[in-house]
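Peer 1: Sequence first, then the predicted structure:
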Amino acid sequence: MALRFVTKTLHRGYDLPPKQISVTDKFGKKKTIRRLEANDYEKGFVDLLKQLTVAPKMSKKKFVKRWHQMREGPEFTYVLENEEKTKIIATATLVVERKFGRNLGLSGHVEDVVVDEKNRDSGLGKVMIDAMSIISRNHVKCYKTILDCSAENVQFYEKCGFGAKEIQMAKYYTSDRGYGNSSYTYENDNKKNDNKKSSGEKKNGIVKLNNGEKNGSSSSTSEKKKSAKRRVTYAAGTDEGFVGSPVKALNQTVYYSDEE
């Protein structure tokens, strides 16, 4: 068993994070944060995630399939239950990045931090961030932990020991920005075409076009795709195609040594 554990660790290149840890909240009470389990589907994990981002309806079969895919990392999702152990009220994910640089170092990325709206202002956000930082530093042995946040959340993460380091840039490859919309948008392969005059509409920086067809067109879907190109428009509303990405978020970083 010990040999198998060592072999898996060498294959991964990092120590496996713990199944659970305890973190003290602002009231001095210990909170147990544990790894996501398959039966957390019934405890409202997906519904909690919807409070952070667009999470489409999914069957338990799909949920469990993704859970199995993530069990061995490098993504590790942690959750916090209510006292009755019936509902997930907070979650965060730690992603381990293996580097060639930094003396083959490891970097921890914190993603998808969300606290149930009924339990906010209770310090649980900091509990989850502290837990991810402890796991990243003490268990996985990362030399730093980073995360991205909106400008209005900078002060919160500074209280958690992070500091603004860089700026995140984003480029989306689907007009739905990964939200899972099955419809695709196209526009005619004519650079002189004015989006403002198209039959589509622009909302929240995303251009929605009617597959590049004019009113009354009877061309088939396959024909439209042959004469059209996929257009991607950034969330911030860039209309010039792939010419660079807008500022998306601030990068927050905490280092665990004096050497950055």
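Peer 2: Arrived safely.
Peer 1: Work out for me the element D47 sits within.
Peer 2: Taking DSSP states H and E as the criterion, D47 maps to helix 45-49.
Peer 1: May I have that helix as CSV, with CA atoms only?
Peer 2: These are the backbone C-alpha positions of helix 45-49, laid out as CSV (Å, rounded to 0.1, in the frame of the first residue of the first chain):
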residue,chain,number,x,y,z
PHE,A,45,-24.0,21.4,-4.7
VAL,A,46,-25.0,22.3,-8.2
ASP,A,47,-27.7,24.7,-7.0
LEU,A,48,-25.0,26.4,-4.9
LEU,A,49,-22.7,26.7,-7.9
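Peer 1: Same question for that helix: list its buried residues.
Peer 2: 45-46, 48-49 (16 or more other Cβ atoms under 10 Å). Quick note: C-beta positions are derived from backbone N, CA and C, even for glycine.
Peer 1: Tell me the confidence at V115?
Peer 2: We have a pLDDT of 96 for V115.
Peer 1: typo on my end, it should be K224
Peer 2: 42.
Peer 1: What of A131?
Peer 2: At A131, the pLDDT recorded in the model is 97.
Peer 1: Was I right to think it contacts I21?
Peer 2: Yes. Between A131 and I21 there is a contact under Cβ atoms under 8 Å: 5.9 Å.
Peer 1: what do those two both touch?
Peer 2: I33 (Cβ atoms under 8 Å, 6 or more residues apart in numbering).
Peer 1: Which one's more surrounded, the two?
Peer 2: A131 (25 against 20; other Cβ atoms under 10 Å).
Peer 1: And the more buried one, its phi and psi?
Peer 2: In terms of degrees, to the nearest 10, the main-chain angles of A131 are phi -60, psi -40.
Peer 1: so how far is L124 from it?
Peer 2: Per Cβ to Cβ, to the nearest Å, A131 is found 10 Å from L124.
Peer 1: Please apply the same query to A92.
Peer 2: From A92 to L124 the distance is 10 Å (Cβ to Cβ).
Peer 1: Likewise for F63?
Peer 2: Relative to L124, and taking Cβ to Cβ, F63 is found at 23 Å.
Peer 1: who's more crowded, those two?
Peer 2: Applying other Cβ under 10 Å to F63 and L124 shows that L124 carries more neighbours, namely 21 against 17.
Peer 1: Would you agree the more buried one is in contact with V114?
Peer 2: No. Counting by Cβ under 8 Å, no contact exists between L124 and V114, whose distance comes to 9.9 Å.
Peer 1: which residues are in contact with both of the two?
Peer 2: By Cβ under 8 Å, 6+ apart, the residues touching both L124 and V114 are A90.
Peer 1: Retrieve the pLDDT associated with S218.
Peer 2: For S218, the model assigns a pLDDT of 41.
Peer 1: so where's the stretch 101-250 of the chain shaky on pLDDT?
Peer 2: Low-confidence segments of the stretch 101-250 of the chain, defined by pLDDT under 70: 176-248.
Peer 1: at 90 what do you get?
Peer 2: Residues of the stretch 101-250 of the chain meeting the criterion pLDDT under 90: 102, 121, 150-153, 164-250.
Peer 1: For it, just list every one of the helices.
Peer 2: For the stretch 101-250 of the chain, the helices defined by DSSP state H, counting those that start in this stretch occupy 101-104, 124-134, 154-159, 221-226.
Peer 1: Please convert those helices to TSV, extending it with distance to K26.
Peer 2: As requested, the helices of the stretch 101-250 of the chain are exported to TSV (distance: least, Cβ to Cβ, whole Å):
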stretch	distance to K26
helix 101-104	33
helix 124-134	7
helix 154-159	10
helix 221-226	55
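Peer 1: Break the chain down into its structural domains.
Peer 2: 12-167+249-255, 171-244 (automatic domain parsing).
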